[in-house]
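Chemist: Provide a 3D model corresponding to the input given below.
(chains A, B, C and D, ligands or ions: 6)
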Amino acid sequence: MTDTSVDVEALDRWIRRFAEEVSKNKDLLTDLDSAIGDADHGSNMDRGMSATVAALDEASSQGRPLTTAGALLKTVGMTVVSSIGGASGPLYGTLFLRMGTSAGDVEALDDAGFSAALTAGLAGVVARGKAELGDKTMCDALAPACAALDASLAGGAGLSEALAVAATSADTGRDATIPMLARKGRASYLGERSIGHQDPGATSVALLVNAAAATLGSRP
Amino acid sequence: MTDTSVDVEALDRWIRRFAEEVSKNKDLLTDLDSAIGDADHGSNMDRGMSATVAALDEASSQGRPLTTAGALLKTVGMTVVSSIGGASGPLYGTLFLRMGTSAGDVEALDDAGFSAALTAGLAGVVARGKAELGDKTMCDALAPACAALDASLAGGAGLSEALAVAATSADTGRDATIPMLARKGRASYLGERSIGHQDPGATSVALLVNAAAATLGSRP
Amino acid sequence: MKKLINKTENVVSEALLGMDAAHPDLRVDHEHKIIYRGDDRRPGKVGLISGGGSGHDPLHGGFVGLGMLDAACAGEVFTSPVPGQIMEATKTVDDGAGVLHIVKNYTGDVMNFEMAAEMAAEETGVNVLSVITNDDVAVQDSLYTAGRRGVGVTVLLEKIAGAAAEEGRSLAQVAEIAHRVNANGRSMGVALTSCTVPAAGKPTFDLPGGEIEMGVGIHGEPGRKRLPIASAKEIAALLVEPIVGDLDFTGGDGVIAFVNGLGGTPLMELYLMYNEVAQILKKSGIHVARSLVGPYITALDMAGCSVTLLKIGPEMLSLWDAPVRTPGLRWGV
Amino acid sequence: MKKLINKTENVVSEALLGMDAAHPDLRVDHEHKIIYRGDDRRPGKVGLISGGGSGHDPLHGGFVGLGMLDAACAGEVFTSPVPGQIMEATKTVDDGAGVLHIVKNYTGDVMNFEMAAEMAAEETGVNVLSVITNDDVAVQDSLYTAGRRGVGVTVLLEKIAGAAAEEGRSLAQVAEIAHRVNANGRSMGVALTSCTVPAAGKPTFDLPGGEIEMGVGIHGEPGRKRLPIASAKEIAALLVEPIVGDLDFTGGDGVIAFVNGLGGTPLMELYLMYNEVAQILKKSGIHVARSLVGPYITALDMAGCSVTLLKIGPEMLSLWDAPVRTPGLRWGV
Ligand SMILES: Nc1ncnc2c1ncn2[C@@H]1O[C@H](COP(=O)(O)OP(=O)(O)O)[C@@H](O)[C@H]1O
Ligand SMILES: Nc1ncnc2c1ncn2[C@@H]1O[C@H](COP(=O)(O)OP(=O)(O)O)[C@@H](O)[C@H]1O
Ligand SMILES: [Mg+2]
Ligand SMILES: [Mg+2]
Ligand SMILES: [Mg+2]
Ligand SMILES: [Mg+2]
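Modeler: Ligands and ions are numbered 1, 2, ... in the order given. Down below sits the predicted model:
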């Protein structure tokens, strides 16, 4: 099959869709963070993604459009790092920055390139946050999503289909955080009491992967 | 008719009965003070009257019994002044101190003597607090009670009967504070909003006069 | 009611044990519930005493020390001290130069301090003058009522009169500046919640979800009226307007602007309110010479704040700036 | 939610406007939300920076000034500042002697400060060292978790390291004493109510009428367990036991005992708690060399308190006693 081209416009659509989903789910994310954290994941992510959309708008309106996948993803990463703070700022920031580095100065990524970029992002998150699988963090949704994406593509699926599988894996990973005992982030302070609650970061990651499935898979 | 003798024991019974009534009505007095004051009239009066009962107990247990009406009432007044504070401390204290001065070094008061003492007490309260009738204070229960006591005795009633009339007047005076606009004490800060609430001090005064009716009227 | 206390009857005495333990600079007479300066005073200095119901911390005990009070008498929660305490403190701090009583205008406080002054003068001949603070513009003043409450100005007055006494001024002079501070200060408060008096066990008043109580004092007394919750900007205007409507604060050397927390409101909100107040003052042509922001005269756990403005000249300003070393206010030393 | 605020998004920036207006001694960079010392520093002094989520006032902005911090970076409420802010502050306060970052151990704080240090070093070659406070014994420590939270010790550390820097010690020396303070301090907190994050609009957790939450931090995170409300004496024991069980505080020159209010608890209750804590320490043979009682590291409007003990020697004691002039702590100057 022909590779789907994930070009700059597609990435832009993805990020904007993610921003919309975060905004819609702001209260949910904050409620989840109230139960096992400090009640700010929704406002953190929403502040970061609104700033990101504003940065994307500004870049194009000022006539210096982001012409490569690397440039776009790095702009997203830098904006996230410099507007969120907290745990999610550096983690999401690193995710996008590393994706940008992996993508490089190309106008579009092929399927494998996108998958490789996402996996590089995951590696960055792990390097920064030192979380292991099962620690009840965003990694518990991101890692299975990366693995599913990679495996589906390797098995011959198209990006559309592979991202759909990845989104399902992210959802499953998110749900699987419920019975986990948190060992990283604020939720770890609760010890046993963290059990029975869904991790807010894994929840926002599932939104991110679902947004990818909804925006990236289609051939132009 | 023969005068009833209000002796030291009778006065002691009166004060102790008042202390009991205050203790029973502590929450009521505090609730009334919550509505238009600072929520402490019950605990103030209860602290003062408990201290007073303790002072009376101590005097007799230490073998220096209070042998005159004046001595007993002054002990009550001093204890109240030195244990209550707030508005009710100096006011009730002055009431009993002036009663003591009026009573003097006698073992027992006759009807007119008791009435004169109570009226002297009222004069002390007015001198100390400068309240006028209708200002929504303890005076609005105490003044009608004094007047009724005096008038009944002058009309030929015995102390028992006269105190019963005085108690009814105190109750009526207390109830009449409800529609008043407060012009003295904390309730005055509320302006119009003080209307519709019963004055806590008038309520405790009604307890005092009712306690007198219940303990003083009977011939030994 | 959830509070960090043992028995409600012992709240005041146990808090005094804690103050005593935490502040080696203070000396506490636990029998009489009096907090004294523990350090040496200038010989012949006028004695400054205040006191009142407890529950307003750091007022008054937290303002005992060099450059401020010599003694503070702690009453029960929201109940003025008794004459015996005040008399004891008066006799103890008198050094021959006389004693000033700083009294907030509440019926109970006024009467108990009055009786104490009478008794002390009779017993030892100590010369006592009193100043009564009555700065709360929420209360309509009249000859026929209890008059205005003493609130925020009390803090500023204790500081300024304290500095005057520390300088060695006479009793008459210290009393004069104290009266001047009171005459030039006005306050207004707002509550977002009631407070809970420990012995009462429940909030003094109910304040439904979306309402605030304008014109409250510092005892959980209900205020003058209820309003729906408004923005900090609107609330600041509602607090400042009646103050500047009552006294002209423009011109001269400006004001001390004081945003006070009532106990349950965090500092962040007080700073935010101070910003609004400062902006209004600027627009009104009122120069802020000094400011004070924080919980200094509180009403237990009440959420809310009060604003106090004090019109000052060079003399009051230099007394304000003079060194002070107390648990609640400290600078220059 | 009833708060003295305007729009929830502007709470932090508007509170900073108020701090700026109220404290002429400070300089505030509103664009970057950084509070700087406004007075002159010793040339070549090591720079001290801290910061974190807002809502803990007076920490950190209220501890900027002579003898304490050079700059504090304010994040959103309960959200650590971003690397850009921290980098900006780092570059600004560096005077050639290097900069110490004082970071509370939260994943977000640690990562953002880490990124900032990397970026600042890369950009200007400034020498940055970090100390991470992690004194909260409520949290079980382990190599495999986020570890213990940084709470009350942060206040004491900022004071002591600040004095060391003011003395002219080198970056390595200041970092060394800072690490020593952290290693010798332990804390434990209790909440009587939750706090309400402005942007969330409702309490972070529900605490039914008669319950308290043991082992809370300073962000409204739920604690380790719920208990029925108990007396101050019992609660003090529940706070002190895990602290003294974790580190031996007996012997030597004693401790700094710190009873901290979480924002909504009045000073009277804190003094009452301090009395209980002091009695327990006495019975345990722990000498209290210095004490601190008040709301210094808060969690918005949360009612409750924390206890911190810091084991000290003569060096730390003299650094603690050294002059400090900040809005939140001030003495000796
Ligand atoms: N060390 C870590 N590694 C990966 N993810 C983490 C780590 N620590 C926290 N997280 C994620 O961050 C989320 C919380 O983000 P957020 O609430 O925005 O930050 P904060 O905890 O600083 O308030 C958690 O739900 C978790 O998924
Ligand atoms: N000036 C006054 N004259 C007479 N009675 C007064 C005066 N001021 C207050 N009172 C009485 O005192 C009562 C309140 O007493 P209490 O609550 O114990 O003292 P406080 O007002 O100091 O808290 C009022 O209900 C009123 O009856
Ligand atoms: Mg969070
Ligand atoms: Mg009362
Ligand atoms: Mg009272
Ligand atoms: Mg956070």
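Chemist: roughly how far is stretch C:7-26 from the heart of the chain?
Modeler: 19 Å (CA atoms, centre = their mean, to the nearest Å).
Chemist: and the residue of chain A found nearest ligand 2, how close does it get to A:A55?
Modeler: Relative to ligand 2, the nearest point of chain A is A:A39 (40.0 Å; CB to the nearest ligand atom). Every residue, glycine included, has its C-beta placed from N, CA and C. According to CB to CB, to the nearest Å, A:A39 stands 26 Å off from A:A55.
Chemist: avg pLDDT for stretch C:78-92?
Modeler: The pLDDT scores in stretch C:78-92 average 96.
Chemist: how about the residues of chain A by ligand 6?
Modeler: Chain A comes close to ligand 6 at residues A:D38, A:D40, A:G86, as judged by CB under 5 Å from the ion.
Chemist: got the phi/psi numbers for the second one?
Modeler: Here the main-chain torsion angles of A:D40 (degrees, to the nearest 10) amount to phi -140, psi 0.
Chemist: what are the phi and psi angles of A:L159?
Modeler: phi -60, psi -40.
Chemist: give me the domain ranges for chain C.
Modeler: According to automatic domain parsing, chain C comprises the domains C:13-184, C:185-311.
Chemist: would you turn these into CSV with mean neighbour count and distance to ligand 1?
Modeler: Output for these, formatted as CSV (neighbours: other CB atoms under 10 Å in any protein chain shown; distance: least, CB to the nearest ligand atom, whole Å):
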stretch, mean neighbour count, distance to ligand 1
domain C:13-184, 23, 33
domain C:185-311, 22, 18
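Chemist: can you put those domains in a markdown table and add distance to chain B?
Modeler: Below are the domains of chain C laid out as a markdown table (distance: least, CB to the nearest CB, whole Å):
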| stretch | distance to chain B |
| --- | --- |
| domain C:13-184 | 4 |
| domain C:185-311 | 4 |
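Chemist: so can I have JSON lines of the ones you listed showing distance to ligand 5?
Modeler: Listed next are the domains of chain C as JSON lines, based on distance: least, CB to the ion, whole Å:
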{"stretch": "domain C:13-184", "distance to ligand 5": "4"}
{"stretch": "domain C:185-311", "distance to ligand 5": "7"}
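Chemist: of all those domains, which one comes closest to ligand 4?
Modeler: Closest to ligand 4 of the domains of chain C is domain C:13-184 (CB to the ion; 7.0 Å).
Chemist: ok, C:E76 to chain A distance?
Modeler: Between C:E76 and chain A the computed distance is 39 Å (CB to the nearest CB, to the nearest Å).
Chemist: so C:L292, which of the three states?
Modeler: At C:L292 the chain is in strand, as set by DSSP: H, G, I helix; E, B strand; the rest coil.
Chemist: beta partners for the nearest residue to it once chain neighbours are set aside?
Modeler: In this structure, C:L292 finds its nearest non-sequential neighbour in C:F258, 4.4 Å apart by CB to CB, 6 or more residues apart in numbering or on different chains. Assessed by DSSP bridges, C:F258 has beta-bridge partners C:L292, C:T308.
Chemist: what's the spacing between C:F258 and B:A127?
Modeler: 37 Å.
Chemist: what does A:L28 give?
Modeler: From A:L28 to B:A127 the distance is 68 Å (CB to CB).
Chemist: who's more crowded, these two?
Modeler: A:L28 (17 against 10; other CB atoms under 10 Å in any protein chain shown).
Chemist: element containing that one, please.
Modeler: Element membership for A:L28 (DSSP states H and E) is helix A:26-36.
Chemist: please compute how far that helix lies from its chain's middle.
Modeler: Relative to its parent chain, helix A:26-36 has a centroid offset of 18 Å by CA atoms, centre = their mean.
Chemist: and chain D, is the helix or strand that it is followed by touching that?
Modeler: With elements assigned by DSSP H and E, the helix or strand that comes after helix A:26-36 is helix A:41-61. Yes: using CB under 8 Å from any CB of the partner chain, helix A:41-61 comes into contact with chain D via A:G42, A:S43, A:N44, A:R47.
Chemist: so does helix A:41-61 get close to ligand 1?
Modeler: Yes: contact of helix A:41-61 with ligand 1 (CB under 6 Å from any ligand atom) involves A:H41, A:N44.
Chemist: kindly report the same for stretch A:94-110.
Modeler: No: taking CB under 6 Å from any ligand atom as the criterion, stretch A:94-110 and ligand 1 are apart, separated by no less than 9.9 Å.
Chemist: would you turn the residues of helix A:41-61 next to chain D into CSV with distance to B:Y189?
Modeler: As requested, these are exported to CSV (distance: CB to CB, whole Å):
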residue, distance to B:Y189
A:G42, 44
A:S43, 41
A:N44, 45
A:R47, 45
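Chemist: closest to chain C out of the residues you listed?
Modeler: When the residues of helix A:41-61 next to chain D are ranked by distance to chain C (CB to the nearest CB), A:S43 comes first, at 16.3 Å.
Chemist: how near is the closest one to ligand 5?
Modeler: Distance, A:S43 to ligand 5, by CB to the ion, to the nearest Å: 43 Å.
Chemist: who's in contact with that residue?
Modeler: A:S43 makes contact with A:K26, A:T30, D:E76, D:A199, D:A200, according to CB atoms under 8 Å, 6 or more residues apart in numbering or on different chains.
Chemist: now do C:V277
Modeler: C:V277 makes contacts with C:A236, C:L239, C:V240, C:A257, C:V259, C:V307, as judged by CB under 8 Å, 6+ apart.
Chemist: helix or strand for the residue nearest to the last one when sequence neighbours are not counted, which one?
Modeler: This points to C:V307. Excluding its sequence neighbours, the residue lying closest to C:V307 (CB to CB, 6+ apart) is C:L239, at 4.4 Å. Using DSSP H and E, C:L239 falls within helix C:232-246.
Chemist: packing partners of that helix?
Modeler: strand C:185-191, helix C:267-283, strand C:304-311 (3 or more CB pairs under 8 Å, 6 or more residues apart in numbering or on different chains; DSSP states H and E).
Chemist: what angle separates it from strand C:185-191?
Modeler: On the basis of axes from the mean of the first three to the mean of the last three CA atoms, to 10 degrees, helix C:232-246 is oriented at 150 degrees to strand C:185-191.
Chemist: mean pLDDT added to the helices and strands packed on helix C:232-246, as a markdown table?
Modeler: As requested, these are exported to a markdown table (pLDDT from 0 to 100):
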| stretch | mean pLDDT |
| --- | --- |
| strand C:185-191 | 97 |
| helix C:267-283 | 98 |
| strand C:304-311 | 98 |
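Chemist: compare these and give me the one nearest ligand 2.
Modeler: With CB to the nearest ligand atom as the measure, strand C:185-191 is the member of these nearest ligand 2 (17.7 Å).
Chemist: and that closest one, what does it pack onto?
Modeler: Going by 3+ CB pairs under 8 Å, 6+ apart, strand C:185-191 lies up against helix C:153-166, strand C:211-214, helix C:232-246, strand C:304-311.
Chemist: now for C:V255: which residues touch it?
Modeler: C:F249, C:L281, C:I286, C:H287, C:V288, C:A289, C:L309, C:L310, C:K311, C:I312.
Chemist: nope, C:G150 is what I meant
Modeler: For C:G150, the contacting residues are C:V103, C:K104, C:N105, C:Y106, C:D109, C:I132, C:T133, C:N134, C:D135, C:D136, by CB under 8 Å, 6+ apart.
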